[in-house]
Every structure is written in C-alpha cells, then in structure tokens.
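S.K.: What follows is a predicted protein model with its sequence.
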Amino acid sequence: MPDPSQGVPAPGTYLGIDFGRRRIGVAVGQTTTATARPLAVIPNGAQPDWQALERLLREWRPAGIVIGLPLDADGADTPMSREARAFGRQLGQRGACAVHYNDERLTSMAAQEQFRQRRSGGQARRADAAMLDAMAAAIILENWLQG
C-alpha cells in the first residue's frame, strides 16, 4: 500500500518489481484503473541486467517504481528486503524517478495460485510459468495502487 506519509500516488504509469537473486519480475500498471499486468522477467546474477531495466524505464517513463519487500512474519526487514532496498536505490538513480516499497509477503504464493487457476482453465501453458515473477510483480503493484 502507498506510504501514508507520501499521500496519494502521482497519476501515471508505474513499474512494479519483484526482486530476486536470480530473476527480477517486472509489471506495469497505472493509477487510473489501479490495475497492473506482468511485463517481463529480467535475469539477475552477479549484477542485474541494467541495460534491460533501463530500456524498460525509457520505454514506459514511469511516474515511480514500486518494489516488493520480502519482510518476515512480524514485518521486520530481512537480509533479502535489505537487498531489495539497495537495488531500489540504484534503480531509482538510474531511472531518475521515485521508488516506493510495498510488503510482498505471500505474493509469490498468490501468483502461483493465479497461474494454477489459469492453467486449469486452459488460459495458460506450462511455458507461461516463466512469467511467475512478473505475475508476482503485478500483484505487488496492484496492492500498492489500490492502497
């Protein structure tokens, strides 16, 4: 959800990020409908694929970026959430836009359930599972947009 100290999100397009050590899911959404859709999965290894991320920033020109924070059960930071914040600082500098954070607990499970339902309904194939991280990013972004 949006940080109350920041008020209502500025109108426009936002990118949602599900940061992981191997993959970074990216989604795009906008404030008018408060919806998001999966966009891409970017490799992450020793370094994120900054060229691919910068390409998405140039293409979508977001008003901001929303990064999921993998907090622990009581809401405290974890080593992974600290990595996500460090990534967010770098991405915000590269994209020259505001970075927001949103609790992402359970979003991966929600994305897997969404995928399972789509697959059983014939709307998704096994190959579409590669987009699970982007689906999780869409859930993170929608949760934030719907605040």
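M.R.: Thanks, I have the structure now.
S.K.: For the residue nearest the centre of the chain, give its distance to residue 74.
M.R.: When Cα atoms, centre = their mean is applied to the chain, the residue found nearest the centroid is residue 17 (2.2 Å). From residue 17 across to residue 74, the span is 23 Å (Cβ to Cβ, to the nearest Å). (Each C-beta comes from the backbone N, C-alpha and C, glycine too.)
S.K.: quick one: buried residues of the lengthiest helix in the chain?
M.R.: Ranked by residue count under DSSP state H, the longest helix found in the chain is helix 79-95. When neighbours are counted by 16 or more other Cβ atoms under 10 Å, the buried residues of helix 79-95 are found to be 80-81, 84, 87-88, 91-92, 95.
S.K.: returning to that earlier point: wait, doesn't the residue nearest to the centre of the chain sit right on residue 67?
M.R.: Yes - counting by Cβ atoms under 8 Å, residue 17 does reach residue 67; the two are 4.5 Å apart.
S.K.: Give me the common contacts of the two.
M.R.: 87-88, 91, 140 (Cβ atoms under 8 Å, 6 or more residues apart in numbering).
S.K.: Let's have these in JSON lines, adding pLDDT and distance to residue 26.
M.R.: Output for the shared contacts of residue 17 and residue 67, formatted as JSON lines (pLDDT from 0 to 100; distance: Cβ to Cβ, whole Å):
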{"residue": "87", "pLDDT": "96", "distance to residue 26": "12"}
{"residue": "88", "pLDDT": "95", "distance to residue 26": "13"}
{"residue": "91", "pLDDT": "95", "distance to residue 26": "10"}
{"residue": "140", "pLDDT": "94", "distance to residue 26": "10"}
